[in-house]
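[1] Okay, here's the prediction I keep looking at, along with the sequence it came from:
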Amino acid sequence: MDTGDRCDRAECGAQALVRAQFAAGPLFFCGHHWREVAESATRAALFVVNEQEVPAESSMLPVA
Ligand SMILES: [Zn+2]
């Protein structure tokens, strides 16, 4: 997931912090919309990548 991913809720457009991978494909959620669906989506998804707790930058080591 990169910072270009946006929440899949049409009216939202916030940066996506959670990616839920379903058999039919991934869905992206901002933190707000993820809370609305987290319980059922976690059960239904193949896996969930939640970057709300860990900033994406932490996994990128400086080149220098
Ligand atoms: Zn949203």
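    Sure thing, it's come through.
[2] Would you mind naming what in the protein lies close to the ion?
    7, 9, 12, 14, 30, 33 (C-beta under 5 Å from the ion). Every C-beta, even on glycine, is put in place using the N, C-alpha and C of the backbone.
[3] Which members of these occur in helices, if any?
    Per DSSP state H, helices hold the following members of the residues of the chain next to the ion: His33.
[4] residues contacting the most centrally placed residue in the chain?
    Compute the mean C-alpha point of the chain, and by C-alpha atoms, centre = their mean the closest residue is Val18, 1.5 Å away. Applying C-beta atoms under 8 Å, 6 or more residues apart in numbering to Val18 gives the contacts 28-31, 34, 48-52.
[5] Select only the buried ones of the residues of the chain next to the ion in ChimeraX?
    Buried residues within those, by 16 or more other C-beta atoms under 10 Å, are selected in ChimeraX with:
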select :7,9,30,33
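[6] circling back: who is the residue nearest to the centre of the chain paired with across the strands?
    Beta-bridge partners for Val18, by DSSP bridges, are Phe29, Asn50.
[7] Per-residue pLDDT of it, please?
    pLDDT recorded at Val18 is 95.
[8] same thing with Val54?
    Note on Val54: pLDDT of 57.
[9] Gly13 too?
    For Gly13, pLDDT reads 93.
[10] That one reaches Asp5, doesn't it?
    No. Here Gly13 does not reach Asp5: they are 11.1 Å apart, not a contact under C-beta atoms under 8 Å.
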